[in-house]
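let's see this in three dimensions:
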Amino acid sequence: MASLHFKESQKNKLTWHSIFFICLYGLMFWSFSELLKEEIDVAALTSIVFSLCLIIFFHIVIIIMRLDVEIDEAKITYRFKPFHLKPRIIYWDDVSDFYTRDYRPVKEYGGHGLKRKMKFGKSYSISGKKGLQLILKDGKKILFGTQKPQELERIIGKLKKGQ
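This next block holds a predicted model:
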(Lines give C-alpha, C1' and ligand atoms only; values in the text may rest on other atoms or scores of the structure.)
Protein backbone atom coordinates (compact mmCIF):
# COMPACT_ATOMS: atom_id res chain seq x y z
CA MET A 1 0.00 0.00 0.00
CA ALA A 2 1.44 3.34 -1.03
CA SER A 3 1.67 5.98 1.66
CA LEU A 4 -0.58 9.01 1.17
CA HIS A 5 1.24 12.15 0.04
CA PHE A 6 -1.49 14.74 -0.50
CA LYS A 7 -5.16 14.95 0.32
CA GLU A 8 -7.48 17.88 -0.28
CA SER A 9 -11.21 18.37 -0.08
CA GLN A 10 -12.64 21.63 -1.44
CA LYS A 11 -16.15 22.99 -0.96
CA ASN A 12 -17.82 26.14 -2.17
CA LYS A 13 -17.56 29.19 0.03
CA LEU A 14 -21.20 30.15 -0.10
CA THR A 15 -20.81 33.92 0.14
CA TRP A 16 -21.98 35.28 -3.20
CA HIS A 17 -23.92 32.10 -4.00
CA SER A 18 -26.05 32.64 -0.90
CA ILE A 19 -26.76 36.25 -1.81
CA PHE A 20 -27.73 35.20 -5.35
CA PHE A 21 -30.09 32.47 -4.15
CA ILE A 22 -31.65 34.68 -1.46
CA CYS A 23 -32.47 37.20 -4.21
CA LEU A 24 -33.98 34.45 -6.37
CA TYR A 25 -36.07 33.12 -3.47
CA GLY A 26 -37.25 36.66 -2.73
CA LEU A 27 -38.23 37.17 -6.36
CA MET A 28 -40.14 33.87 -6.41
CA PHE A 29 -42.02 34.62 -3.19
CA TRP A 30 -42.82 38.15 -4.39
CA SER A 31 -44.18 36.69 -7.65
CA PHE A 32 -46.24 34.20 -5.68
CA SER A 33 -47.67 36.92 -3.40
CA GLU A 34 -48.57 39.08 -6.43
CA LEU A 35 -50.28 36.09 -7.99
CA LEU A 36 -52.38 35.53 -4.86
CA LYS A 37 -53.68 39.15 -5.00
CA GLU A 38 -55.43 38.41 -8.27
CA GLU A 39 -57.60 35.57 -9.46
CA ILE A 40 -55.46 32.42 -9.42
CA ASP A 41 -54.02 31.60 -12.81
CA VAL A 42 -53.06 27.92 -12.96
CA ALA A 43 -50.42 28.41 -15.67
CA ALA A 44 -48.70 31.20 -13.74
CA LEU A 45 -48.82 29.22 -10.49
CA THR A 46 -47.38 26.17 -12.23
CA SER A 47 -44.61 28.30 -13.71
CA ILE A 48 -43.68 29.79 -10.33
CA VAL A 49 -43.70 26.41 -8.58
CA PHE A 50 -41.60 24.85 -11.36
CA SER A 51 -39.12 27.75 -11.23
CA LEU A 52 -38.88 27.50 -7.45
CA CYS A 53 -38.20 23.76 -7.68
CA LEU A 54 -35.40 24.39 -10.21
CA ILE A 55 -33.85 27.07 -8.01
CA ILE A 56 -33.96 24.78 -4.97
CA PHE A 57 -32.43 21.92 -6.99
CA PHE A 58 -29.49 24.03 -8.22
CA HIS A 59 -29.00 25.53 -4.76
CA ILE A 60 -28.70 22.02 -3.28
CA VAL A 61 -26.26 20.98 -6.02
CA ILE A 62 -24.03 23.97 -5.27
CA ILE A 63 -24.19 23.30 -1.52
CA ILE A 64 -23.16 19.65 -1.83
CA MET A 65 -20.58 20.21 -4.59
CA ARG A 66 -17.15 19.06 -3.40
CA LEU A 67 -13.84 18.16 -5.03
CA ASP A 68 -11.78 15.46 -3.31
CA VAL A 69 -8.25 14.79 -4.56
CA GLU A 70 -5.72 12.30 -3.15
CA ILE A 71 -2.22 11.86 -4.55
CA ASP A 72 0.19 9.05 -3.68
CA GLU A 73 3.16 7.37 -5.36
CA ALA A 74 1.00 5.19 -7.61
CA LYS A 75 -2.03 7.25 -8.55
CA ILE A 76 -4.29 10.27 -8.32
CA THR A 77 -7.77 9.57 -6.98
CA TYR A 78 -10.42 12.23 -7.44
CA ARG A 79 -14.15 12.67 -7.08
CA PHE A 80 -16.25 15.71 -7.97
CA LYS A 81 -19.47 15.31 -6.00
CA PRO A 82 -22.36 15.10 -6.95
CA PHE A 83 -21.28 14.45 -10.56
CA HIS A 84 -19.07 11.42 -9.86
CA LEU A 85 -20.83 8.63 -8.00
CA LYS A 86 -17.55 6.88 -7.20
CA PRO A 87 -13.91 8.01 -7.15
CA ARG A 88 -11.96 8.10 -10.41
CA ILE A 89 -8.33 7.01 -10.64
CA ILE A 90 -5.47 8.16 -12.85
CA TYR A 91 -2.30 6.06 -12.52
CA TRP A 92 1.04 7.81 -12.85
CA ASP A 93 1.96 5.26 -15.55
CA ASP A 94 -0.71 6.88 -17.75
CA VAL A 95 0.70 10.42 -17.24
CA SER A 96 3.39 11.78 -19.58
CA ASP A 97 3.89 15.12 -17.77
CA PHE A 98 2.58 16.93 -14.70
CA TYR A 99 3.24 20.29 -13.07
CA THR A 100 1.58 22.97 -11.00
CA ARG A 101 0.51 26.14 -12.75
CA ASP A 102 -1.47 29.33 -12.50
CA TYR A 103 -4.55 29.32 -14.69
CA ARG A 104 -7.38 31.69 -15.59
CA PRO A 105 -10.60 29.81 -14.80
CA VAL A 106 -12.98 32.08 -16.72
CA LYS A 107 -10.79 32.72 -19.76
CA GLU A 108 -9.45 29.16 -20.16
CA TYR A 109 -12.39 27.03 -19.02
CA GLY A 110 -15.41 29.31 -18.72
CA GLY A 111 -15.36 29.35 -14.91
CA HIS A 112 -15.05 26.91 -12.05
CA GLY A 113 -16.68 23.52 -11.78
CA LEU A 114 -16.43 20.50 -14.01
CA LYS A 115 -15.46 22.00 -17.37
CA ARG A 116 -14.18 20.76 -20.72
CA LYS A 117 -12.61 22.87 -23.46
CA MET A 118 -11.00 21.47 -26.60
CA LYS A 119 -7.86 23.59 -26.28
CA PHE A 120 -7.28 23.19 -22.52
CA GLY A 121 -8.86 19.80 -21.73
CA LYS A 122 -10.86 19.01 -18.60
CA SER A 123 -10.89 21.12 -15.47
CA TYR A 124 -12.05 20.20 -11.98
CA SER A 125 -12.04 23.24 -9.71
CA ILE A 126 -14.05 24.93 -6.98
CA SER A 127 -12.24 28.25 -6.63
CA GLY A 128 -8.81 29.80 -6.98
CA LYS A 129 -6.29 30.14 -9.79
CA LYS A 130 -3.68 27.48 -9.05
CA GLY A 131 -3.80 23.84 -9.99
CA LEU A 132 -2.15 20.59 -10.97
CA GLN A 133 -1.91 20.14 -14.74
CA LEU A 134 -1.72 16.57 -16.03
CA ILE A 135 -0.91 15.63 -19.60
CA LEU A 136 -1.79 12.01 -20.23
CA LYS A 137 0.04 9.72 -22.64
CA ASP A 138 -2.98 9.74 -24.95
CA GLY A 139 -2.68 13.55 -25.23
CA LYS A 140 -5.60 14.45 -22.97
CA LYS A 141 -5.16 17.30 -20.48
CA ILE A 142 -6.68 17.42 -16.99
CA LEU A 143 -6.39 20.27 -14.49
CA PHE A 144 -7.22 19.94 -10.79
CA GLY A 145 -7.66 23.23 -8.92
CA THR A 146 -6.13 23.46 -5.46
CA GLN A 147 -6.40 25.60 -2.35
CA LYS A 148 -3.07 24.20 -1.05
CA PRO A 149 -0.60 25.25 -3.77
CA GLN A 150 2.55 25.20 -1.61
CA GLU A 151 1.85 21.70 -0.27
CA LEU A 152 1.00 20.48 -3.76
CA GLU A 153 4.23 21.96 -5.19
CA ARG A 154 6.24 20.17 -2.49
CA ILE A 155 4.56 16.83 -3.25
CA ILE A 156 4.95 17.26 -7.01
CA GLY A 157 8.64 18.02 -6.52
CA LYS A 158 9.07 14.79 -4.54
CA LEU A 159 7.19 12.79 -7.16
CA LYS A 160 9.30 14.23 -10.00
CA LYS A 161 12.52 13.31 -8.13
CA GLY A 162 11.23 9.76 -7.71
CA GLN A 163 10.57 9.27 -11.43
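
grab the nearest non-local neighbour of residue 140.
residue 121 (5.9 Å; Cβ to Cβ, 6 or more residues apart in numbering). Every C-beta, even on glycine, is put in place using the N, C-alpha and C of the backbone.

which pLDDT value goes with the one you found?
Looking at residue 121, its pLDDT is 89.

is it true that residue 17 lies in a helix?
Yes - Residue 17: assigned to a helix according to DSSP: H, G, I helix; E, B strand; the rest coil.

can you get me a residue count around the nearest residue to it once chain neighbours are set aside?
Residue nearest to residue 17 in three dimensions, not counting chain neighbours: residue 62, with 5.5 Å by Cβ to Cβ, 6+ apart. By other Cβ atoms under 10 Å, the residues close to residue 62 number 16.

pretty sure residue 62 contacts residue 11?
No - at 9.9 Å, residue 62 and residue 11 do not qualify as touching, with contact defined as Cβ atoms under 8 Å.

toward the C-terminus, what is the element adjacent to the host helix or strand of residue 49?
Element membership for residue 49 (DSSP states H and E) is helix 42-64. Using DSSP H and E, the helix or strand that directly follows helix 42-64 along the chain is strand 66-72.

ok, back up a step: what packs against the helix holding residue 49?
In terms of contacts (3 or more Cβ pairs under 8 Å, 6 or more residues apart in numbering; DSSP states H and E), helix 42-64 is packed against helix 15-37.

returning to what we had before: chain center to the helix holding residue 49, what's the gap?
Distance of helix 42-64 from its chain centroid, counting by Cα atoms, centre = their mean, to the nearest Å, is 22 Å.

okay, buried residues for it please.
By neighbour count with 16 or more other Cβ atoms under 10 Å, helix 42-64 contains the buried residues 48, 52, 55, 59, 62.

could I get these as CSV with pLDDT and distance to residue 5?
Formatted as CSV, the entries for the buried residues of helix 42-64 read as follows, by pLDDT from 0 to 100; distance: Cβ to Cβ, whole Å:
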residue, pLDDT, distance to residue 5
48, 82, 51
52, 87, 45
55, 88, 40
59, 88, 35
62, 85, 30
